[in-house]
Each structure stands twice: as structure tokens, then as C-alpha cells.
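Q: one predicted model, sequence on top.
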There are 2 protein chains.
Amino acid sequence: MNPDKSLFTPTDTPVGLDPDDWEAFVRFCTERLRKTVQQLSTVANDKVWSPIPETVKQAIAEEIPMKPQGIEQVCSDIEDNILPYLLGNTHPRFFGWVHGTGTAGGIMSAIYAAAINANLGGREHAPVYVERTVISWFLRLFGFPFSATGLLLSGTSMANVVALSVARNKYGSVNVRTEGVAALPNRMVGYTSAESHVSISKAFELLGLGSRQLRKIPVNDDFTMNTDLLRERIADDRSSGLIPFCVIGTAGTVNTAAVDDLSTLGQICQDEGLWLHVDGAFGAMAILSDEFRTQLAGIEFADSLAFDFHKWLHVQYDAGCVLIRDGEAHRNAYSTSIDYLHNGDAASGGAPWFCDFGPELSRGFRALNVWFTIKEHGLSRLGKNVTRNCHQARYLRHLVDHHANLELLAPVSLNVVCFRYRMSSMTEEDLNNLNRRLISLIQESGIAVVSQTMIGKALAIRVNITNHRTRSSDLQLLVSAIDKLAPVALSGIVEAAGQSN
Amino acid sequence: MNPDKSLFTPTDTPVGLDPDDWEAFVRFCTERLRKTVQQLSTVANDKVWSPIPETVKQAIAEEIPMKPQGIEQVCSDIEDNILPYLLGNTHPRFFGWVHGTGTAGGIMSAIYAAAINANLGGREHAPVYVERTVISWFLRLFGFPFSATGLLLSGTSMANVVALSVARNKYGSVNVRTEGVAALPNRMVGYTSAESHVSISKAFELLGLGSRQLRKIPVNDDFTMNTDLLRERIADDRSSGLIPFCVIGTAGTVNTAAVDDLSTLGQICQDEGLWLHVDGAFGAMAILSDEFRTQLAGIEFADSLAFDFHKWLHVQYDAGCVLIRDGEAHRNAYSTSIDYLHNGDAASGGAPWFCDFGPELSRGFRALNVWFTIKEHGLSRLGKNVTRNCHQARYLRHLVDHHANLELLAPVSLNVVCFRYRMSSMTEEDLNNLNRRLISLIQESGIAVVSQTMIGKALAIRVNITNHRTRSSDLQLLVSAIDKLAPVALSGIVEAAGQSN
């Protein structure tokens, strides 16, 4: 039917939380937007990271505001107390962790998403079609069949939970949703590498399977899962009466960006009748790189795949995704039939809703940010950035290899370089102390942010290059900073050693 | 140490995904921002909801873009295909579901959050202190002790998962994290009302407890849990060798906004040694209303509380929260010790991180949106909006009570009114068909969005007023629309009945 215009009477003056003067509000916002974007455009001239003064921490920790402070005050507080003390991942020399840089365009996307204020749990509105489109793009990109399904989530940690819950429920010999894990006659066990992400283990805990039922298979010298040991362990568990149900491969480990041999994992899963889940948090995006996607060979065997948009695709936080080959199993794990949902009235729309594929009913419009970034830049350009970051990692390896006091600690597969500062006269313990101190000095200098991890017993300086603003000169600057700061770190170690004598 | 300025050499021309011309980018964004805000300021003059034409659905479902489309094209696509086809929750006559309205200021907050692009998993940066502050505000507001902890999440569904996982692990007689639910010698059971939210049941499924281990206790005439039956069921389960571990009370059910008798639930949980979790998705915000907070009496007994900021606090989607009285149990359920985390280097900051309190490691800066809205408007004003919505619900009840053809189907406790159009000559089945059709007609007219639910065997028109833009005149308009559209709906029912004869 046509709308009856007579029912649309003009509303009176606004009430509630709206601005008294919308024009003034717009002027204010446009000025602040201009200032914020200008700061972003010159971020390379800032320090990457700065310690937060106690006075700033105290200012943030104010009492709960009962009275309105007004938007000007709130924005001033953000500019004074928050913007100067960020982690640094928008800066070209942020190499600390696999955090995406974000894009300028992402600010425009955020404006729309905030104005729209959609809940993507389900129902009939255009945002739902945007999320469906984004999911379909990545299902096609990774070669999943048309019957496959997917869901956007906050990140790979949650995507791993959803994927493993679907696998648990599908392989359970009872109805796990209703009866619970305790009703299974035999324990279900899964397999992943010793280098896999902590979120895999946490998923086993959350799902009630227990982290002891996740076997951590030792890795080869290149930090990929030892698939011979995997086969042996599966056989051992079967002979013990346990029920192996899934293997979790990693495409890009956190420590060294190693990519498991997914082809062999796929073959093992086919032979053994197991679910193959791939944790591709950042590494899966190598699919976009003409040069490096070969490292993902075998990913087409995945029954489920988890990855992030907010890492190597630079979509603003937070945005991850799970893809599930068996769409029916996916829906069976989460769908419900509830009185106030799915009613077939016009605005409720048809089933399935997104809440039929995961634990969330309230879900923001992160799909817009993904859609926006991919449409604005195109996958080709995004893929070239992936390739360039991998080349930059190789350039840093080159700098390390040709430096008298730097030692590479792990092979460079994608975009992570693990190395340390080394002096031949020092013990391993002193070297670890030296490099630990050096990492903090680099961070505190504001020149770069790097992180640390353990490679065997050696404490490594870990450089992740997942950054579209990084140039090769930034890596030269990092090595220069190490040269300048190593003597400072060394003097600290020598002093400490002197004091302990 | 001081930064060595000599290491900061100017960077050369930008590469990657940044705008070629930042000035042009700012001009573009400010123009689009102005347009978007202007549309929001006149939203009351638009239709609340419109069906999405097939051509628009097809336009959204484009092939994955390999080449850049540019920001102008993306924004045009949003303006053409998305903005006209929203669910309507920014409109004063959106009464469909308990969706918040959002605020204009939330757009400014989103600009900052996108520019900052923080990952709130942990580490040392100002955004972490903002989230800690927001959590502390609500811990104090609900009277939790200083040792209590909390976490922001996408919404109450996830908050329920986290709360119940902590309860499960605390009450489990084995180490559930490592050993799994199957290692428990006896089944753990929980209790909630038959009117509780589906996310409670889904949480039991996800956690491996099984939804059959969640007892759905029948409700009283006012749709609150029958606490006598609760006591009986706990006793029955104990005598069957099961392990009762938690009661989940609801502060604001989805169907009628009923608030369980939390004082009695608290007493039962103390008597029985059970964990009391309160699902207060929207109802918990009645704490801000001088007039209606008495309905929450007993909420101070809660061991954990889940609620949303994006509903009655109008923070932009998505933003929910869990609060846990036993902070140690909370941390024990999620914290880990991992090589590349918590290293004690400067930028890593101190433990605990937010990922030590939940399943997510990647977490966006939703805390900024909460912080922004509360600081901008103050809790008093936000509370007055809660009160006004409850008054508006009573006004609508008054309109229903004084209307010859409208019948109230449930008591009005907070902000939800369930009623139906009624003609005495019709069967119950025909009345349900009539009201189902009427709901779609109201939606399709663009005048208002209401939803449907079942109250017993009666299909109800469900009106949620969680909207700071709603005025009493909007409720009059809704009733006028019902008067106009009921005959249309009725003719459809009569025709259908004629055809089936």
C-alpha cells in the first residue's frame, strides 16, 4: 500500500539527546574532523609511542559524570588525554604487533556507520545485504562452495570459537547443543601446533572441551607443525578410545608468521575424516598477493577459515570473519526459533538471520567498514600492500644479515622478522636481558615500536610489518636506532651485573 | 631517556592507502558529514522503514571489487542504496525492538575512534584507561566491590556467555578450563525463567553444558519467574544427584519487560549457595531512573550482571558490558601467560589485559563511544530519558485501555506494551492473523515500526519505547495508524477466509 501522507504530521521541537542547534553541531564536528584528519596526515612526524603520565591517567579516571559536560569538553578531553597516548599502529614505524594501520577512508565509513546505528542481528534492512555481500566475496575468494556460510565477528579469536563450536557439534555423537559435552560417550580431541595462537586453546576451554583435549603438536625447524607427529598422535588417541575431530592449522603464526603445510594437513584430515580449521588471522590475506599466496597452498581443504580484516586489510578495528564449508552444520549450531524473532512480518525479513550463525544477537555494522575499504581501494591494491610488506621483511632480514651485531632467530616467511642484538662475550641470560631492555628503549625513544617473544630460549626483537605507511627507510631508521640504543641498554646490563656482584 | 631528534628524518611522499591529497580528502569528508547530519536532523519527516527494492539488493550484491572505486563512488553507493533502507531505529516512531536510537554526538565519537584505530586487547595506551574507567563507573553504580571486574563486549548475549563461563568454571569441581565439562563427576544445572532471553540458552549450548541443563522455570501472571517453583526444582535436581550452580534472573524480559523478583532470587541463591547472574540487557538501565529503579530491588545480590549501552543509553552499536563480583574468578577463567604478550616491555604495559577477562584478543574502542555519550549528556539526563520512555509506555497503555478495539495483553512494567486489535466476533486464530497482518501494514506504511510476539496463544502487537526521540504525539500517531489500517488488514483476513471456504 502507499503511505498515507496525512499521517505524517510535522514533529514539534526536538526532545531528548539531540543537539539544540544542529547547524552549530555540524560546524563543530566538521572543525574537529578537519583537525583530526590533519593530525593523521602528519602522523609520521610524531613519536610512535609515549609513556602515559600519571596525571593523564588520573584525568581519564574521573568520577562517573552525572551532569552533562557537553560535546566541546568531551572532544577537548580526547584531544588532551587520549590522542597523544596511543599505541602507535597508525604510524609507519609501528612494528610491535600484527595490528592494522587503518585507512583515512575508514573515518568516513565510521561516520556513516554511526549515523546509521544498525544492529546486524538480522531483520530486513540494507545493512544486512552489505554483510551478506562481504561474506560472499570471501567465500568466493577462498573457493568455498555456494552452500557455505560465514559471519563477521570482532576478530579471529571469536571466529575460532565459532568454527570450533560448529565442528564440535557436527562431530559429536550426541546432540551437543541440548545434551552438552558431558553426554558424549568418548572425549573429543583436537590438534594444533605448539606455535598456534592462544585463542585456539581458549576456544577449547570456552566450549567445555578442555584445553588438555587440544594436542599441541611439536613444530619443525621452520616453526610449522610436524605432520608426522600429528599422524602418530591421532593414531595414539584413537587407540586410547578418544575421538579425534579436528585439526587446526595456522596460516601465519604469531611468533614468526610460519604457515603450516596446509596441503598435508588437508590430506591428513581427508584420510582421518577430521574437520580442518585454518587460523589465518593475518596470514590468510596472503591470498591477495600474487607472489606470496603460494604459501597458502592447501587452504582450499579448509572446512572452516578464520581471519581478520583489521590486520592486513587495514579495516578499522574490530572486524574478523569466519567461513564454514558446511553451511547446514553452521546454522544447526546456532539457529533458534523464537517468538519475537523471525515472525515473517515485513521488517523482520526472512530467515536466516546473522544471529542464526553465531552467539551474538546485537551486532554492529562492521560490515560497512570492510565493504568501504575494499570498494575504495580494490583488492588488487590491498594485495600489493601485502606483497610490499613481505618484501620489506626481506629487506630487514638483509639488514640484519649484514649487521655485525644482529642475528636472525627465525626464517622469514611472510612479514615477521625475529632477531636479536648480539655480542659474542655475553651469556644467553645477559643477551636476553640486553634485548629486553633494548626493546623498551626503542619504544620509549618514540622512534619505533617493536615487540619481544621467545624463540627457543632466546629473547627476540620481533618486527611485524603489517603497515601500509611503512617505507624501507623506516626499517633503516629502526636499525639506526638499535645501533644508538644498544650501548645504552648494554650499560644498564653491565651496571645491573656490577650491582649483583 | 629523551628522544633523539636526529633520528626523526622527514618521511618522503606517502605510499600505500593514504589519500593523494589530504586537503581534498578533508573537504570531501566534511561535505558528506554535513549531509549525513542534516539527514539525521530531519529523520522524523521520513518514513520509518521501507521495503528494499530488488534492484537495490542486486546493486549491493556486486562482485568483489578488484580495482579501486574511489571514495566518492563508495559514498554515493551508501547514499543511494543503504541510507534509504534502514531498519528505522533512529526514527522517533521506531518501536519494533529494543534498539537504541544512537546520538548525534556518537558520530563525533566514531570519527575519533576510527582515527585512533585502537585494539583494546591490552597493552599500554590511553584507550585502555578509558575502558577501565567506564567499567569502574558501572561497578560503582551497581554497588559492586572494588575487587570486582568487568569487560565491554558486543552486547548482552556475549556478556551472558562470559558471566556463565566464569560461574561454570568457579563451581566446577574439576579444573574445567583444562579438563572440560566431561570431567565433572555430576552434571551442572542452571535455572532461568521461561521468559528469559534466548541468549541464555545459547550460552549453555556454547559452553558445552547443554541447554537441557538449563531449567526454564514457569512464570507468574506478571511474567516474572515463579520462585516457589524455582526452589522446588533446585531441590528435585539436588536429590537427583545433579549440581545446581546458577540462577539467571532477568531485568526486563524481551516479551513484556518483566523484571524478576531479584531480591527473592538473591535470597534463594544465598540459601542454596548458587551464583546469581542477572540479564539486564535493557532493564538494568532503570537504575538511572529515580522513579523506576525500585523495580531492580535485589540487583545488589548479583554475582554477575550483563547489560547493554547501545539500548537505553543510546550509545552507538555495538556496546555491552559484563560485571563480575568475584574478580579473581573472572580472571581465572580467561587469563593466560603467553610469550609474545605481557612481556613487561614499556608498550606492553602491565597485566591484566582485557583479553585476560574474555574470549576476545582483538577488541575495538567501543569504550570511547560509551565514555563519550555519558560525558556529553551525563547520567542524570540519560536517566530522565529512561523515565520518560516508561511514562510514554503508560500513556500508550492509557490509549489502549480507552480504545474500543484495543486490548492490553500484558502488564506494563517498564517500556514495553503488548496489546492487540480485537473484534468480538472473531476467533482467536483470526485475531492472530488480523494482528499479524496489521503489524506488517503498519511497517509498510512507513508510519511506525512495531513488532509481534506471542503472549500465551495471542499474537500481540509489541511496542518497545527505547527511544529518546519519541514524543507522546508519536504514540497518538501509532494508534491513528492502527485505526486506519485495521480495516485494510481485516479485509485481507475476510478475503482469505472466503477463499478457503
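A: Yep, that arrived. Numbering: from 1, shown residues only, chains lettered A, B, ... in the order given.
Q: which residues touch the residue of chain A found nearest chain B?
A: Nearest residue of chain A to chain B (C-beta to the nearest C-beta) works out as residue A:208 at 2.1 Å. From N, CA and C alone the C-beta is placed, and that goes for glycine too. The neighbours of residue A:208, taking C-beta atoms under 8 Å, 6 or more residues apart in numbering or on different chains as the test, are A:180, A:181, B:168, B:176, B:180, B:181, B:182, B:207, B:208, B:209.
Q: give me that answer again for 7 Å
A: Contact analysis of residue A:208 by C-beta atoms under 7 Å, 6 or more residues apart in numbering or on different chains lists A:181, B:180, B:181, B:207, B:208, B:209.
Q: now the closest residue in space to it that isn't next to it in sequence: phi and psi?
A: With C-beta to C-beta, 6 or more residues apart in numbering or on different chains as the measure, residue B:208 is the residue that lies nearest to residue A:208, at 2.1 Å, once sequence neighbours are left out. The phi/psi pair for residue B:208 (degrees, to the nearest 10) reads phi 80, psi 10.
Q: which positions within stretch A:233-242 qualify as buried?
A: By 16 or more other C-beta atoms under 10 Å in any protein chain shown, the buried positions in stretch A:233-242 come out as A:233, A:234, A:237, A:242.
Q: ok, residue A:216 - how many residues close by?
A: Neighbour count for residue A:216, taken as other C-beta atoms under 10 Å in any protein chain shown: 16.
Q: show me what it bridges to in the sheet.
A: With DSSP bridges applied, residue A:216 shows beta-bridge pairing to residue A:192.
Q: make CSV out of the contacts of residue A:208 and add distance to residue A:345.
A: Converted to CSV, the contacts of residue A:208 look like this (distance: C-beta to C-beta, whole Å):
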residue, distance to residue A:345
A:181, 37
B:180, 42
B:181, 39
B:207, 32
B:208, 35
B:209, 33
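Q: end to end, how far does stretch A:165-185 reach?
A: 18 Å (C-alpha to C-alpha, to the nearest Å).
Q: no wait, stretch A:358-367
A: For stretch A:358-367, the end-to-end distance is 15 Å (C-alpha to C-alpha).
Q: cool, and stretch A:33-52?
A: End-to-end for stretch A:33-52, by C-alpha to C-alpha: 24 Å.
Q: quick check, that stretch touching chain B?
A: Yes: Stretch A:33-52 lies within reach of chain B by C-beta under 7 Å from any C-beta of the partner chain, at A:33, A:34, A:36, A:37, A:40, A:41, A:44, A:47, A:49, A:51, A:52.
Q: so which of these sit within helices?
A: Judged by DSSP state H, the residues of stretch A:33-52 next to chain B include A:33, A:34, A:36, A:37, A:40, A:41 as members of helices.
Q: so the last one touches residue B:22, yeah?
A: Yes: Residue A:41 lies in contact with residue B:22 (C-beta atoms under 7 Å); the separation is 4.1 Å.
Q: neighbours around residue A:407, how many?
A: Residue A:407 has 15 nearby residues by other C-beta under 10 Å.
Q: pull the contacting residues for it.
A: A:419, A:420, A:422.
Q: after the strand or helix carrying the first one, which helix or strand is next?
A: In other words, residue A:419. Residue A:419 is located in strand A:416-421, with elements delineated by DSSP states H and E. For strand A:416-421, the following helix or strand on the C-terminal side (DSSP H and E) is helix A:428-445.
Q: ok, and what's touching the helix or strand just after that following helix?
A: Counting by DSSP H and E, the element after helix A:428-445 in chain order, helix or strand, is strand A:451-455. For strand A:451-455, the external contacting residues (C-beta under 7 Å, 6+ apart) are A:96-97, A:255, A:409-410, A:418, A:436, A:439, A:459-462, B:339-340, B:343, B:345.
Q: out of those residues, which one sits closest to residue B:323?
A: Nearest to residue B:323 among the contacts of strand A:451-455: residue A:97, at 28.3 Å, using C-beta to C-beta.
Q: domain ranges for chain A, per the record?
A: Following automatic domain parsing, chain A resolves into domains at A:22-49+A:86-102+A:381-501, A:118-364.
Q: low-scoring stretches of the stretch 251-400 of chain A, by residue?
A: Within the stretch 251-400 of chain A, the set of residues satisfying pLDDT under 70 comprises A:338-343.
Q: mind doing that once more with 90?
A: A:336-345, A:348-351 (pLDDT under 90).
Q: and the strands in it, which stretches?
A: Per DSSP state E, counting those that start in this stretch, the stretch 251-400 of chain A carries strands over the ranges A:275-279, A:304-308, A:320-324.
Q: how about the ones you listed in JSON lines, adding mean neighbour count?
A: What follows is these, written out as JSON lines (neighbours: other C-beta atoms under 10 Å in any protein chain shown):
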{"stretch": "strand A:275-279", "mean neighbour count": "28"}
{"stretch": "strand A:304-308", "mean neighbour count": "29"}
{"stretch": "strand A:320-324", "mean neighbour count": "28"}
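Q: turn these into TSV, including distance to chain B.
A: Compiled in TSV, the strands of the stretch 251-400 of chain A are given as follows (distance: least, C-beta to the nearest C-beta, whole Å):
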stretch	distance to chain B
strand A:275-279	12
strand A:304-308	6
strand A:320-324	6
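Q: of all those strands, which one is nearest residue B:272?
A: strand A:320-324 (38.5 Å).
Q: just give the number of residues close to residue A:34.
A: Neighbours of residue A:34 (other C-beta under 10 Å): 15.
Q: again, but for residue A:83
A: Neighbour number of residue A:83 under other C-beta under 10 Å is 16.
Q: could you look up the SS state of residue A:98?
A: coil (DSSP: H, G, I helix; E, B strand; the rest coil).
Q: what is the least confident helix or strand in chain A?
A: helix A:472-500 (a mean of 88; mean pLDDT, DSSP states H and E).
Q: quick one: is that one near chain B?
A: Yes: under the criterion of C-beta under 7 Å from any C-beta, chain B is reached by helix A:472-500 at A:477, A:480, A:481, A:484, A:488.
Q: okay, these in JSON lines with distance to residue A:380 next?
A: Formatted as JSON lines, the residues of helix A:472-500 next to chain B follow (distance: C-beta to C-beta, whole Å):
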{"residue": "A:477", "distance to residue A:380": "29"}
{"residue": "A:480", "distance to residue A:380": "34"}
{"residue": "A:481", "distance to residue A:380": "34"}
{"residue": "A:484", "distance to residue A:380": "39"}
{"residue": "A:488", "distance to residue A:380": "44"}
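Q: from those, which would you call buried?
A: For these, buried by 16+ other C-beta under 10 Å: A:477, A:481, A:484.
Q: need the residues you listed in TSV with distance to residue A:92, can you?
A: Below are these laid out as TSV (distance: C-beta to C-beta, whole Å):
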residue	distance to residue A:92
A:477	9
A:481	14
A:484	19
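Q: isn't residue A:375 right up against residue B:65?
A: Yes: contact criterion C-beta under 7 Å: residue A:375 and residue B:65 qualify, at 5.1 Å.
Q: rewinding a little: reformat the strands of the stretch 251-400 of chain A as CSV; add distance to residue B:299.
A: Shown next, in CSV, are those (distance: least, C-beta to C-beta, whole Å):
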stretch, distance to residue B:299
strand A:275-279, 39
strand A:304-308, 37
strand A:320-324, 34
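Q: and residue A:493, what is it in contact with?
A: A:430, A:433, A:434, A:437.
Q: just the buried positions in stretch A:262-278, please.
A: For stretch A:262-278, using 16+ other C-beta under 10 Å, the buried residues are A:262-266, A:268-269, A:272, A:274-278.
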